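> have a look; sequence and predicted model below, questions after that.
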Amino acid sequence: MRTSSNVAEIIINALNPVLILLASEKTKPPPLSLSLSLSLSLCGCENHTLKVIPICLLVYSFVEKPKLKDGSEFLIRYTMKNHERMANFALAGLALAPLVVKIDPNLNVILTASLTVYVGCYRSVKATPPSETMSNEHAMRFPLVGSAMLLSLFLLFKFLSKDLVNAVLTSYFFVLGIAALSATLLPAIARFLPKPWNDNLIIWRFPYIRSLEVEFTKSQIIAAIPGTFFCAWYATKKHWLANNILGLAFCIQGIEMLSLGSFKTGAILLSGLFVYDIFWVFFTPVMVSVAKSFDAPIKLLFPTSDSARPFSMLGLGDIVIPGIFVALALRYDVSRGKESGYFRSAFLGYVVGLVLTIFVMNWFQAAQPALLYIVPAVTGFLAAHCLWNGEVKHLLEFDESKTTSSEETEADSSKKEE
């Protein structure tokens, strides 16, 4: 059992780089001193962990940055891209680091989840809002649908062969994994390909069902090649690294593509899943049983030194669900053309909630519903900041779909005037 001093040390080591990363929001772009501070913070971990990340960040710091004028829209976009790339470097290094160095699983959980949310949030900021928007009705039904699916999986594992169920699920996640991983890799690959490969759509119709068609580009085909090989590796070996890479791709795509639309919808969803998580973890064995039986990338695995419990686990829902709320806060800041103050509050709330989850889990040596701690922390930090600024009404009235519609109307009217 871990002592309170050990848990406190883990929390300090985890918070140092995250707080530095938050502080980087105020820099344009992150300077060498920032990366050096983050590197020193990570290098100070026990057992010389996370050595891969400091090297990546220090190399990144030496990349030449163009001189830009403050206040320009291009500067904002450029700075956001820099933050995203910095987090991508750190996340990639953190995912691979356990192969070469020993990393405390609690620290690994906190940093991996935080960086995944950070990357997903920045990728969600686009000229157009995310393609999927959730309504209040959908948010209310979501915990009920999730409960039905969870109970169905529990009954399948109980009455059918575990190997059979996992074989079917592996086939499903093989296809889904290719799509998610190729979409995650596409922005990095597309920049090196000819522009027509990125823009020109290819339409393929099914042989006997002509009404069904699939649209894709040549760039998407190229991005699907490494995704296919990677999913084949996962399907045959079920290696924890393959599981985590696919899980991270699912998380990033979920945060990037899904939109709550408004903070009211977000509050409804988080409140419902707050109760959902508590009920299925504390009052039934269903959640823990399915998580242990489900051999698919619906959870992240973190290697431990305990042979009796070789991996610590974190469900993807504990990343994606709060992540789409934090991403909404970032897009709200961007829509106002101001510094990302509410994003920093929501993101810090997520980190604090995750740290509290790890602390309680180690203290009681029992599985904990992460949303029990994450939801109050995320919403509480954001609400406190909003109340302090006196902008509660403006924040509650924010609606991405209405904002987009008004922008399109203004654009159409300006074209007519021309």
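Ah, there it is. Numbering: from 1, shown residues only.
> for Arg123, see how far away Pro310 is.
Applying Cβ to Cβ, to the nearest Å, the value for Pro310 to Arg123 is 32 Å. No exception for glycine: its C-beta is placed from N, CA and C like everyone else's.
> mind checking the SS state of Ile103?
Under DSSP: H, G, I helix; E, B strand; the rest coil, Ile103 falls in the coil class.
> sorry, wrong one. I was asking about Glu215.
strand.
> thought it was touching Asn200?
No: between Glu215 and Asn200 no contact is recorded; they are 10.7 Å apart, counting by Cβ atoms under 8 Å.
> between Pro310 and Arg123, point out the one with more neighbours.
Of the pair Pro310 and Arg123, Arg123 is the one with more neighbours under other Cβ atoms under 10 Å, namely 21 against 12.
> if we ignore the residues flanking it in sequence, what's nearest the more buried one?
Closest residue to Arg123 apart from its sequence neighbours, by Cβ to Cβ, 6 or more residues apart in numbering: Glu256 at 4.3 Å.
> which element follows the host helix or strand of the one you found toward the C-terminus?
Assigned by DSSP states H and E, Glu256 belongs to helix 240-257. For helix 240-257, the succeeding helix or strand toward the C-terminus, using DSSP H and E, is strand 258-259.
> so which elements touch that following strand?
The helices and strands touching strand 258-259, judged by 3 or more Cβ pairs under 8 Å, 6 or more residues apart in numbering; DSSP states H and E, are strand 132-133, helix 317-336.
> show the average pLDDT along that strand.
Taken as a whole, strand 258-259 has a mean pLDDT of 86.
> kindly report the same for stretch 94-104.
Mean pLDDT, stretch 94-104: 88.
> low-scoring pLDDT stretches of the stretch 51-200 of the chain, where are they?
In the predicted model, the stretch 51-200 of the chain carries pLDDT under 70 at residues 51-79, 129-132.
> in it, which spans are helices?
52-61, 73-96, 105-123, 136-159, 162-190, 195-199 (DSSP state H, counting those that start in this stretch).
> out of these, which gets nearest to Phe282?
Of all the helices of the stretch 51-200 of the chain, helix 136-159 sits nearest to Phe282, with 14.3 Å by Cβ to Cβ.
> count the residues that sit near Thr236.
So Thr236, with other Cβ under 10 Å, has 10 neighbours.
> residues contacting it?
By Cβ atoms under 8 Å, 6 or more residues apart in numbering, no residues touch Thr236.
> same thing but 10 Å
Residues in contact with Thr236, defined by Cβ atoms under 10 Å, 6 or more residues apart in numbering, are Thr170, Ala242.
> what helix or strand is it on?
Using DSSP H and E, Thr236 maps to helix 218-237.
> next: Ser307.
Ser307 is part of no helix or strand, with elements assigned from DSSP H and E.
> phi, psi for it please.
phi -70, psi -30 (degrees, to the nearest 10).
> distance of it relative to Lys237?
Ser307 is 20 Å from Lys237, by Cβ to Cβ.
> so which of those two has more stuff around it?
More neighbours surround Lys237 than the other of Ser307 and Lys237, with 11 against 6 (other Cβ under 10 Å).
> ranges for the strands of the stretch 301-418 of the chain?
311-315 (DSSP state E, counting those that start in this stretch).
> low-confidence ranges in it?
In the stretch 301-418 of the chain (pLDDT under 70), the answer is 338-340, 403-418.
> show me where it has helices.
317-336, 341-364, 371-389, 392-397, 400-417.
> now do the phi/psi pair for the nearest residue to Glu213 once chain neighbours are set aside.
Counting by Cβ to Cβ, 6+ apart, Glu213 lies nearest to Arg205, which is 4.6 Å off, once chain neighbours are set aside. The phi/psi pair for Arg205 (degrees, to the nearest 10) reads phi -100, psi 140.
> look up how far Val214 lies from Arg205.
8 Å.
> do you know how far Phe142 is from Ser305?
Taking Cβ to Cβ, one finds Phe142 at 37 Å from Ser305.
> go on, Tyr373?
Applying Cβ to Cβ to Tyr373 and Ser305 gives a distance of 25 Å.
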